[in-house]
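Asker: Prediction below, plus the sequence it came from.
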Amino acid sequence: MFRRILAALLCSLLFVANAHALTPGQRAVVLNGVQGWSLPQSSIDLNFARNAGSCTVSRILKPCAALLSITRTTTGGVGSYSPWAAGHYSLFADNTLRTTDQGLNVEQPATNVLLRSTDLSNAAWITSGITSAAPTVTGNAVIAPDGTLTAAKIVYPAVSAAGARSIVSQISGSGTNYTGSTYLKGAAGGEMLYICATPNNITFVRQAVTLTTSWQRFALPNMLANYYFEVGTNLSDGSQSATAAQTIYAWGAQSETTPFATSLIPTASAAVTRSIDNSAAIAAALTALQSPSGTIIIALNGGIQSLTGTILGINSLIGLGKTSGNTLTTTFGGAQTTANTVTWTGPVKVGLRWTPSSVGIVLNGGTIVSAANTPPAVTAAYIGSTSGSSAAINQNITRISVLPYSASDAVFQALTAP
C-alpha cells in the first residue's frame, strides 16, 4: 500500500513539474482526418469537428451555443447549407452554428441569383436544342446531396453537328463578375459534358466535367453580367467537343458575385442573400481570452489560397489572419507577419500567445514571430471575422483551444506542427 501511495505522489509531482512542457497527451493526433491535439490544461476547448461540435470548459462538456453567439440570416429565413466529409449536406436554420464533421463553417456574405436552385425542372430553367433535341428534365427524380428527393434527372441526346446544342440554362445577374456552380452525377458514370456561360452564344467561358455515380460540385468562375449559366453541350463554342447521348442528375445550382463558390444558398422565386457568419465568444470563452497571459491554438481545413481573411478577431483587431500572400498575420498589440507560407486548402494550424508585454504568432510549427508589444484588454472576440465584418475566413475551423499561460517556444511550435 505504501509503495502505491508513494508512486502516486511521485507521478503528481512529475505532472506539476512539467506543467508547461509538451506531454505525450499534447502530441498531435489525427481527429476526423484533421490533425488535432489533446490539451488537458485547456481552459477552453472548442472541438467543432468532433460529433459536429464538442465544446468544453475546464474539461467539462458544454453546448457550443453556450460559449459562442452566432448571427447569420438568409432572405426569407430559408437557411444555409454546410457539407459533411461524406459529401452530403445539412440545412442550418438562421442564427445557428454551422458545425459538421468538417468543423465550423464561417463564410462571407453571398447572394444566389439563380432561381429554383434545387429544382432544375422548374420553368425558371430553360431547355434548349439546336440541331439536337432539347434535353428532357424530370424533377424529384433521385435523392439530392441534402437527403431530399429533389434532384432532377436530365436526359441529353447526342450533340455532334456544327453549332448544335442541348442545354439547360438560366440567366445570371447584373453584377460585374460571377461564379456559377452546380452539383452533378451520372447515371452510369463517365458521362462528359460542360458547364459554361455565355451572354450571346458567341463569347464563352466553359469547363469540361466528367461525372461519376457520386455527387460532385463543379464551379465556373469569370462569368460576367447577364451571362447565361448552361449545363450540357453547346458546339457554338469552338472549345467544346461532341458528346454522346447520356443521362445525368443535377441539383443545387448557384451564381454569386464571388471569385469562388461558397456553400449552397437555396432559392425559390427570388434571389436569396446569406449574411456573414458572425460568431462571437461569450461567457467562459471570452473570459479565457481575457487572461493576462495565454495561448490560443486554432486548426483549420478546406480554405482558399491567396485570399485575405480573419481567423480570430479581437476587439476590432486581427488577432490571427491570413494574407493574400498565404502568410499569417496579427495586429493584436502591433502588426506582425510570419515569413513562412502554407497551402490553406488543406489542414493548417495557427497559434497566438501573449503576456502583458509580448505577443507572438506561429504558422504550422514554423519560425515564431514575436515582439515586445503590449496587448490591449480583450473586450470582444470573433471567430472567423473581425467585428463581424465581411473579411471572413471562408474556411472550416475544426478546433480552438485556449491555454491559461503563454506557451514556451517548443510547446508553441509543437502544438501547431502539421
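Answerer: Everything's here; your move. Numbers count the residues shown, from 1 in each chain.
Asker: What strands line up against the longest strand belonging to the chain, and which way round?
Answerer: Counting residues, the longest strand in the chain under DSSP state E turns out to be strand 246-256. Sheet pairing of strand 246-256 (DSSP bridges) gives strand 151-156 (antiparallel), strand 178-186 (antiparallel).
Asker: Now mean neighbour count too, for those strands, in a markdown table please.
Answerer: (Glycine included, C-beta is placed from N, CA and C.) Formatted as a markdown table, those follow (neighbours: other Cβ atoms under 10 Å):
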| stretch | mean neighbour count |
| --- | --- |
| strand 151-156 | 22 |
| strand 178-186 | 23 |
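Asker: right, and these - which one's nearest S406?
Answerer: strand 178-186 (41.8 Å; Cβ to Cβ).
Asker: following the closest one, which helix or strand shows up next?
Answerer: Next helix or strand after strand 178-186 toward the C-terminus (DSSP states H and E): strand 192-198.
Asker: what about that following strand, average pLDDT?
Answerer: Per-region confidence: strand 192-198 scores 97 on mean pLDDT.
Asker: thinking again about what came up before, the longest strand of the chain to strand 192-198, inter-axis angle?
Answerer: 30 degrees (axes from the mean of the first three to the mean of the last three Cα atoms, to 10 degrees).
Asker: Can you give me the buried ones in strand 246-256?
Answerer: Q246, I248, Y249, A250, W251, G252, A253, Q254, S255, E256 (16 or more other Cβ atoms under 10 Å).
Asker: Give the other helices and strands that the next helix or strand after it contacts.
Answerer: Using DSSP H and E, the helix or strand that directly follows strand 246-256 along the chain is strand 272-274. Here strand 272-274 touches strand 110-112, going by 3 or more Cβ pairs under 8 Å, 6 or more residues apart in numbering; DSSP states H and E.
Asker: which neighbours does the strand it packs on have in its sheet, and in what orientation?
Answerer: In the sheet, strand 110-112 lines up against strand 272-274 (antiparallel) (DSSP bridges).
Asker: if we can go back for a sec, and the strands paired with strand 246-256 as TSV, adding distance to I167 and mean pLDDT?
Answerer: Listed next are those as TSV, based on distance: least, Cβ to Cβ, whole Å; pLDDT from 0 to 100:
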stretch	distance to I167	mean pLDDT
strand 151-156	9	98
strand 178-186	13	97
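Asker: which one of those strands lies closest to R165?
Answerer: strand 151-156 (10.3 Å).
Asker: any low-confidence regions in the chain?
Answerer: For the chain, applying pLDDT under 70 flags the ranges 1-40, 390.
Asker: Contact partners for the nearest residue to G186 once chain neighbours are set aside?
Answerer: Leaving aside its chain neighbours, G186 sits nearest to L211 (3.6 Å; criterion: Cβ to Cβ, 6 or more residues apart in numbering). Going by Cβ atoms under 8 Å, 6 or more residues apart in numbering, L211 touches L184, K185, G186, G189, G190, E191, M192, L193, I248.
Asker: Out of these, flag the one nearest to V369.
Answerer: Using Cβ to Cβ, L184 comes nearest to V369 of those, at 44.1 Å.
Asker: Test my guess that that closest one contacts S214.
Answerer: No: contact between L184 and S214 fails when scored by Cβ atoms under 8 Å: they sit 10.2 Å apart.
Asker: helices and strands around the helix or strand where T310 lies, which ones?
Answerer: If you go by DSSP H and E, T310 is part of strand 309-314. With contacts taken as 3+ Cβ pairs under 8 Å, 6+ apart, strand 309-314 sits against strand 294-301, strand 317-322, strand 381-383, strand 395-403.
Asker: CA-only coordinates of that strand in PDB, if you can.
Answerer: Below are the C-alpha coordinates for strand 309-314, written out as PDB (Å, rounded to 0.1, in the frame of the first residue of the first chain):
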ATOM      1  CA  GLY A 309      -9.400  36.600 -44.200                       C
ATOM      2  CA  THR A 310      -9.600  36.900 -40.400                       C
ATOM      3  CA  ILE A 311      -9.300  33.700 -38.400                       C
ATOM      4  CA  LEU A 312      -9.700  35.300 -35.000                       C
ATOM      5  CA  GLY A 313     -10.900  38.900 -34.400                       C
ATOM      6  CA  ILE A 314     -10.100  40.500 -31.100                       C
END
